[in-house]
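Sequence first, then the predicted structure, then my questions.
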Amino acid sequence: QEQLVESGGGLVQPGESLRLSCVCSGFAFNKYVMKWHRQVPGQERELVADITPWGDTINYSDSVKGRFTISRDNANATLSLQMNSLKPEDTAVYYCNAVRRTAAWTFDHWGQGTQVTVSS
């Protein structure tokens, strides 16, 4: 059974930092592209950042570039998102996502989400 468990969300003031973690089990973590998405109620889910299996390629959305850092620890099957200089518009539910595409199949696993609220 695949499991992705996010943690680290909370309420912070603008300019502060948070670090999200996603602990994974039940699948071959080091074969998956790992992603962080976020969603505000009533809006479409936004891809925030992604990282290839061995961390050689990383992408960020323009809205978080320079403020957020995605990283992974394959030995411990853990994905992280360091979020600095947080803004009220970063308020959302953040989701961890694992994707693997083979010739025959696409594997797509999601966590339950963790709430991040940035407010003064």
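Cool, got the structure. None of these values were measured; they are calculated from a predicted model. Numbers count the residues shown, from 1 in each chain.

The residue nearest the centre of the chain: helix or strand, and which one exactly?
Taking CA atoms, centre = their mean as the criterion, Trp36 is the residue nearest the geometric centre of the chain, at 2.3 Å. In this structure, Trp36 sits in strand 33-39 according to DSSP states H and E.

quick one on the thing from earlier: the residue nearest to the centre of the chain reaches Arg72, doesn't it?
No. Trp36 is beyond contact range of Arg72, at 10.8 Å (criterion: CB atoms under 8 Å). Backbone N, C-alpha and C define where each C-beta goes, glycine included.

before we move on, back to that, and the strand holding Trp36, what other elements does it pack with?
If contacts are counted by 3 or more CB pairs under 8 Å, 6 or more residues apart in numbering; DSSP states H and E, strand 33-39 sits against strand 18-25, strand 46-51, strand 68-73, strand 78-83, strand 92-101.

got the contact list for the helix or strand following the second one?
Going back to what we said before, that points to strand 46-51. Heading C-terminal from strand 46-51, the first helix or strand you meet, by DSSP H and E, is strand 58-60. Strand 58-60 is contacted from outside by 48-52, 68, 70, using CB atoms under 8 Å, 6 or more residues apart in numbering.
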